[in-house]
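J.: Okay, structure incoming, though there's no sequence with it:
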């Protein structure tokens with residue numbers, strides 16, 4: 001059974017109608033292949049409302065659209081999208097025992113080059129003493145790499161902060177890369193590699209390997225399902 005909301009997003013598409021073509025409307029900043037790789041309804045096979053509900057959840061997980069619907073004229077399928085804003089400025093802040101309250105600014109591009117790559121820069125500084133402790137960060141992530149289902153998350157962090165707890169100046173650089181490869185449905189291999197350069201100390205490497213079982217109905221707006229992750233990490 002499907003809810004009324006489900007049918008509201010399927011305009012004039014009778015179950016079982018053979019699909020002769022697929023078109024997209026509303027993709028001003030997103031490349032069509034970003035959408036195509038998430039679709040379950042294909043040309044030459046009967047249209048399925050159940051498949052549309054599943055592919056709609058997959059498309060919502062991209063976090064690129066505020067509205068997703070489909071319409072039919074005969075066997076001609078047209079997906080309609082309303083994209084979110086590409087640029088998103090926001091305040092940035094953290095609070096720790098060492099630095100206290102840190103405030104700053106962040107600027108994110110949610111769809112770099114229309115390839116579903118999310119990138120964000122941040123700057124944070126301490127409030128007491130003001131401007132004495134500083135952090136600079138860059139983050140980038142995407143669920144695909146060169147068309148492969150290899151999710152990745154990159155982090156760069158520059159810290160210039162006095163550690164009152166341990167009594168030293170934290171003058172460090174951190175680079176971290178995490179990857180997630182969907183080997184089978186609901187099963188992904190995980191990997192991580194990182195390096196931290198500590199001034200007047202040493203270079204500290206880190207690497208790890210693991211796997212995850214993901215049975216959630218949606219990654220972005222989970223209503224049901226379970227997620228298990230197991231990771232073995234070596235530092236130094």
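T.: Cool, the structure landed. Quick caveat: nothing in here was measured; it's all calculated off a predicted structure.
J.: which parts of the longest helix belonging to the chain are buried?
T.: Longest helix in the chain by number of residues, with DSSP state H as the criterion: helix 49-60. By neighbour count on 16 or more other CB atoms under 10 Å, the buried set for helix 49-60 is 49, 52-60. Yep, even glycine has a C-beta here, placed from its N, CA and C like the rest.
J.: how about the helices of this protein, start to end?
T.: Here the chain has its helices, by DSSP H, at 4-8, 32-36, 49-60.
J.: roughly how far apart are the residue of the chain most remote from its centre and residue 161?
T.: Within the chain, the residue lying farthest from the chain centre (CA atoms, centre = their mean) is residue 167, at 36.9 Å. Applying CB to CB, to the nearest Å, the value for residue 167 to residue 161 is 13 Å.
J.: And residue 137, by the same measure?
T.: Residue 137 is 13 Å from residue 161, by CB to CB.
J.: Residue 153 too?
T.: For residue 153 relative to residue 161 (CB to CB), the value is 23 Å.
J.: neighbour-wise, which of those two wins?
T.: residue 161 (20 against 16; other CB atoms under 10 Å).
J.: Tell me if I'm right that that one and residue 129 touch.
T.: No - under the criterion of CB atoms under 8 Å, residue 161 makes no contact with residue 129, lying 11.1 Å away.
J.: quick one: contacts of stretch 62-82?
T.: By CB atoms under 8 Å, 6 or more residues apart in numbering, the residues outside stretch 62-82 that reach it are 8-14, 17-27, 30, 34-35, 38-39, 41, 47, 52, 56, 59-60, 83-84, 110-111, 116, 118, 143, 220.
J.: Which parts of the chain are strands?
T.: For the chain, the strands defined by DSSP state E cover 10-11, 21-25, 65-73, 76-83, 87-96, 100-109, 118-127, 130-142, 150-163, 168-184, 187-198, 203-214, 227-235.
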